[in-house]
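Chemist: Need the 3D shape of this:
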Amino acid sequence: MPQSTLLFPASCACPLNAIRYCPPEPPSRPSMFYGRGDLVAELTNLIVNNEHIALIGPGGVGKSSLAKTILHEAVITTKFANRRYFVTYDGMDPSAITFEAFTTRFAEALGIEPAGANPMLQISTCLRSACALVVFDNAETFEEADGSSALREIPQAIAEIAGIPGVILILTSRSRRSSPNVSWITKDIPPLDSNSAQEAFFQIYRRADRENVEEGIASLLQDLDFHPLSINILANAAQQNGWSPDMLRERWKDQRSAVLDHGEGKLQSLSYTMRLSLNSPSIQRFGEAQHILAIIAFLPQGLNEALSKRILPSTLQVDIICDVLWRQSLVYRQDGFLKMLAPIRHYVRDLLPLATNSPCLREIRTFYYSTIQRCSAERNGHADIIISDHLNIEHVIAFDLAHIPEVTYPACWTFLRCLTWHLPRPTSLTPAIFDIVENSSTLWPKASCLWNLGWLYIELSQTKESMKASEAAGALYLATGNHGMAAECVIQCADLYRCQGRFVQSQQILWGFQHSWVYLSEPTKAKLWHFLDHARMYTFATSANELFVRSSGNHIWDLKSKIWYWRVKLYYGGYRDLVQVNAYLEALLPQCPSTGDLFTRRDALRGLAEVAMYQNRLSDAMHRLQEIAEMFKQDSHEGLLYAILKAVVASKQGDHAFARELINTATGPLQSFALRTAMIFLHKSYFSACIELTAGAYDKAQSQFIATIEGSDIQDNITFKAYSKRGLGEIAFARGDFALAAQCFTEIRPLCNEMGVPLLHLYSCDPFSLLPDRFRGWSLFLEGRLPFANIM
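Modeler: Next up, the predicted model:
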């Protein structure tokens with residue numbers, strides 16, 4: 001211990017023996033400190049440049065450790081020498097703290113024995129003798145002081161200390177009520193990054209097989225939001241109990257916040273540090289504060305501040321309470337939401353669980369459910385709330401499905417519909433929907449949920465999942481006697497098979513539903529026949545005159561049939577019927593609705609574009625495709641598809657640069673298999689390959705054809721796989737590698753057999769996918785001509 005000395009500053013008005021000075025050693029540098037290097041450097045630089053720092057954050061985030069580390073930085077020790085003081089107010093009761101208690105703790109940390117009636121003068125005298133760095137640790141204790149005199153005198157004293165030349169203050173606090181009249185630079189202390197969190201964890205939890213368990217531990221630490229105290233407690237619990245990584249994950253899954261209570265005191269127990277925050281006078285002052293905390297913890301996104309008064313109309317001071325929670329670092333603000341770090345969220349959920357019939361949850365339910373009902377009724381009404389609060393809405397529905405399912409089913413299927421329209425994404429509601437217990441009262445609601453789930457998966461290009469949901473929905477609708485909706489489910493599955501190129505399976509599922517046709521309305525029968533003929537069209541097992549010829553008495557379906565009748569004439573007749581097909585489609589176009597259901601008009605325009613392309617009227621084809629693109633400006637899927645087909649036409653016009661620009665501008669940087677863009681990716685990849693092939697850029701074309709094949713395997717799409725195999729064969733043929741070309745062409749045969757499409761008619765019903773005539777390898781292969789003689 002340094003020798004005691006007496007200070008005799010000239011400005012001191014105290015007796016000579018008033019102050020006995022014995023400077024203490026600052027606390028040692030933390031042995032467990034990771035991932036804060038940049039922050040330490042930044043804060044150290046600010047301190048050296050005479051800035052006062054306020055370190056703000058929730059309990060356990062590492063504020064004190066950060067301050068202790070800064071005290072031992074080389075430039076800090078050089079500048080402040082042994083005048084680095086750490087004043088901790090840990091363990092003091094904010095409701096009972098007095099100015100005297102504040103100054104006594106301060107003086108003890110400075111190593112002085114104050115005497116007389118003015119301890120602050122003595123403290124000030126001590127600090128004026130040379131440069132000093134003072135850390136006020138756990139400053140929320142006095143910032144939250146209940147005593148009126150303490151609230152007035154402590155901030156004033158800190159301001160006076162901050163004004164002493166050469167004295168720099170660091171303040172660590174959960175509260176944002178930093179002393180006024182001090183020019184603080186406030187730093188919110190973030191959690192650790194993933195790598196630092198793992199280093200901290202494995203420094204305690206010693207494993208010889210660390211490399212084998214890192215991935216699972218990283219996921220577990222992410223569940224903790226990389227909160228330093230929680231990581232430390234969890235690692236110690238695992239190490240001291242001898243838990244394997246699997247056991248540790250199981251304990252966390254089962255117990256959550258209970259695992260983070262590993263002893264007494266704030267360094268070993270999350271609940272201890274949380275109780276300090278919850279018992280602060282600012283929180284206790286508002287009786288509803290804990291209700292708001294419970295709500296923020298319950299909602300996975302947290303509370304949308306812009307909607308808080310509408311979500312919780314009975315909580316009149318909700319804005320004020322939210323500000324208090326933020327100032328106390330119990331919550332943080334991100335993207336307009338009040339959120340919690342995961343350990344705090346788990347603790348609050350365990351401490352303050354929301355009951356199904358709690359007033360707060362009833363208000364949340366009322367707001368969110370009325371929002372999705374209005375969105376469903378108006379299509380675009382309140383879509384902004386669906387998009388902003390989608391995870392919260394989903395969570396409320398999942399909770400209610402488990403507790404009050406009967407009243408939740410309509411909200412569930414309506415929310416799925418809104419997701420499909422405005423924010424297509426996978427949903428955590430899927431297992432809950434499939435797990436709905438089936439009885440006489442739940443068959444129809446479960447079917448409706450599954451039906452809308454199927455549509456969501458279609459939008460996501462997740463064909464298998466959509467089929468599973470649609471098939472399950474169809475069986476339930478059939479059990480309830482709702483043959484019309486059962487037919488819709490069958491049509492949905494059949495069309496999914498058709499989109500994959502599985503035309504035989506598409507027909508089989510529709511024919512298999514024949515036993516129920518007798519119960520169907522005429523429009524539904526017409527729809528079934530339409531989709532059946534659509535699948536039959538590709539197989540060329542029926543003459544053109546037998547397809548799309550049934551009259552239903554329904555104007556729209558009869559109009560659709562007429563359009564497709566003439567398009568089949570085009571596909572089956574080739575060049576023979578071009579003039580006649582064009583004339584009939586032109587005559588049918590004015591009958592097609594230009595608002596509402598635009599798909600009939602789209603079908604007519606696409607048929608006209610195909611005729612124009614056959615006749616080499618490429619400008620007319622481009623014009624027709626542009627009309628379709630304009631119609632579907634609000635439908636990203638259709639808009640992208642027809643932008644891609646416009647690029648195909650531009651390539652056929654010889655403007656390959658413009659074709660590339662069109663296709664890349666329209667689709668942007670699509671992720672190869674991003675859920676919503678998976679089908680568009682296949683179109684983009686295949687037609688990009690065709691454009692490069694036409695331009696003579698064989699290497700680029702080859703790469704794109706291979707990517708399309710890989711994507712087709714993932715999406716289980718036979719058509720694009722067959723098209724791309726042919727493309728690779730043509731590249732091999734052009735390069736003179738006839739053996740490889742023959743191999744590629746030969747691999748198309750089993751694909752055509754699976755589709756039910758004759759080899760000669762691979763492209764007949766899809767003119768835009770046809771390669772230019774100069775690529776003759778495929779036709780020579782089919783004809784068995786040199787160099788492919790004897791291969792067929």
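Chemist: residues contacting the residue nearest to residue 416 when sequence neighbours are not counted?
Modeler: Using CB to CB, 6 or more residues apart in numbering and skipping residues adjacent in sequence, the residue nearest residue 416 is residue 452, 3.9 Å away. (Each C-beta comes from the backbone N, C-alpha and C, glycine too.) The neighbours of residue 452, taking CB atoms under 8 Å, 6 or more residues apart in numbering as the test, are 413-414, 416-417, 420.
Chemist: what's the spacing between residue 760 and residue 783?
Modeler: 10 Å (CB to CB, to the nearest Å).
Chemist: still on that earlier bit, for the residue nearest to residue 416, give me phi and psi.
Modeler: phi -70, psi -30 (degrees, to the nearest 10).
Chemist: swap in residue 520?
Modeler: phi -90, psi 150.
Chemist: where does it land on pLDDT?
Modeler: Residue 520 is assigned a pLDDT of 92 by the prediction.
Chemist: just checking, it touches residue 485?
Modeler: No: the pair residue 520 / residue 485 is not scored as a contact, 10.6 Å apart, by CB atoms under 8 Å.
Chemist: ok so, going back, turn the contacts of residue 452 into a markdown table, including neighbour count.
Modeler: Below are those laid out as a markdown table (neighbours: other CB atoms under 10 Å):
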| residue | neighbour count |
| --- | --- |
| 413 | 24 |
| 414 | 21 |
| 416 | 28 |
| 417 | 20 |
| 420 | 19 |
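Chemist: Name the member of these with the shortest distance to residue 244.
Modeler: Of all these, residue 244 sits closest to residue 416, with 39.9 Å by CB to CB.
Chemist: Now do the same contact list for the closest one.
Modeler: Taking CB under 8 Å, 6+ apart, one finds 427, 429, 449, 452-453, 455-456 in contact with residue 416.
Chemist: Now go through the residues you listed and say which are in helices.
Modeler: 449, 452-453, 455-456 (DSSP state H).
Chemist: The nearest residue to residue 451 once chain neighbours are set aside and residue 401, how far apart?
Modeler: With CB to CB, 6+ apart as the criterion, residue 451 has its nearest non-adjacent residue at 4.3 Å, and that residue is residue 473. For residue 473, the distance to residue 401 (CB to CB) stands at 17 Å.
Chemist: how many neighbours does residue 75 have?
Modeler: 13 (other CB atoms under 10 Å).
Chemist: quick one: it and residue 46 touch, right?
Modeler: No: when contacts are counted by CB under 8 Å, residue 75 is not listed as touching residue 46 (11.5 Å).
Chemist: any low-confidence regions in the stretch 1-150 of the chain?
Modeler: Counting by pLDDT under 70, the stretch 1-150 of the chain contains low-confidence residues at 1-22, 116, 145-150.
Chemist: Oops, could you answer that again for the stretch 151-300 of the chain instead?
Modeler: Checking the stretch 151-300 of the chain against pLDDT under 70 turns up 151, 208, 260-269.
Chemist: just the helices in the stretch 51-200 of the chain please.
Modeler: 63-71, 74-80, 99-110, 119-128, 140-143, 148-162, 194-204 (DSSP state H, counting those that start in this stretch).
Chemist: what residues does the shortest one touch?
Modeler: Contacts of helix 140-143 with the rest of the structure, by CB under 8 Å, 6+ apart, involve 89-90, 92-94, 97, 102, 150, 154, 173-175, 177-179, 280, 328.
Chemist: Can you tell me which of those are buried?
Modeler: Taking 16 or more other CB atoms under 10 Å as the criterion, what is buried in the contacts of helix 140-143 is 89, 92, 94, 97, 102, 150, 154, 173-175, 177-179, 280, 328.
Chemist: quick one: which two of these are the most distant?
Modeler: 102 and 328 (19.7 Å).
Chemist: just checking, residue 751 touches residue 723?
Modeler: No: contact criterion CB under 8 Å: residue 751 and residue 723 do not qualify, at 9.6 Å.
Chemist: Those two: which has the busier surroundings?
Modeler: residue 723 (28 against 20).
Chemist: helices and strands around the helix or strand where that one lies, which ones?
Modeler: Using DSSP states H and E, the element containing residue 723 is helix 718-734. Under the contact criterion of 3 or more CB pairs under 8 Å, 6 or more residues apart in numbering; DSSP states H and E, helix 718-734 touches helix 678-695, helix 698-715, helix 738-746, helix 748-755, helix 777-783.
Chemist: Return the set of buried residues in that helix.
Modeler: 718-734.
Chemist: same thing with stretch 291-309?
Modeler: Here stretch 291-309 shows 291-299, 301-305, 307-308 as buried, counting by 16+ other CB under 10 Å.
Chemist: Show the end-to-end separation of it, please.
Modeler: Length of stretch 291-309, first residue to last, CA to CA, to the nearest Å: 14 Å.
Chemist: what's the burial count for residue 180?
Modeler: Residue 180 has 10 nearby residues by other CB under 10 Å.
Chemist: Now do the same contact list for the residue lying closest to it once chain neighbours are set aside.
Modeler: Excluding its sequence neighbours, the residue lying closest to residue 180 (CB to CB, 6+ apart) is residue 155, at 5.9 Å. Residue 155 is in contact with 179-181, counting by CB under 8 Å, 6+ apart.
Chemist: what separates residue 697 from residue 768, distance-wise?
Modeler: 20 Å.
Chemist: Neighbour count for the two, which is higher?
Modeler: residue 768 (19 against 16).
Chemist: which ones are touching that one?
Modeler: Applying CB under 8 Å, 6+ apart, the residues near residue 768 are 610, 613, 645, 648, 687.
Chemist: next one: phi and psi at residue 554?
Modeler: phi -100, psi 120.
Chemist: Just confirm it contacts residue 529, I think it does.
Modeler: No: between residue 554 and residue 529 there is no contact under CB under 8 Å: 11.2 Å.
Chemist: Comparing the two, which residue is more hemmed in?
Modeler: The neighbour count for residue 554 versus residue 529, taken as other CB under 10 Å, is higher for residue 529 (20 against 17).
Chemist: The helix or strand hosting the more buried one - contacts with which helices or strands?
Modeler: Remark: residue 529 resides in helix 522-539, with elements defined by DSSP H and E. When contacts are defined as 3+ CB pairs under 8 Å, 6+ apart, helix 522-539 sits against helix 483-500, helix 503-511, helix 555-573.
Chemist: elements contacting the first one?
Modeler: By that I understand helix 483-500. By 3+ CB pairs under 8 Å, 6+ apart, helix 483-500 packs against helix 443-459, helix 463-479, helix 503-511, helix 522-539.
Chemist: Any buried residues in the last one, and which?
Modeler: Read that as helix 522-539. 524-539.
Chemist: Give me the more crowded residue out of residue 473 and residue 401.
Modeler: A side-by-side neighbour count of residue 473 and residue 401, using other CB under 10 Å, places residue 473 first with 26 against 20.
Chemist: The more buried one: what's it in contact with?
Modeler: Per CB under 8 Å, 6+ apart, neighbours of residue 473: 447-448, 450-451, 453-454, 485, 489.
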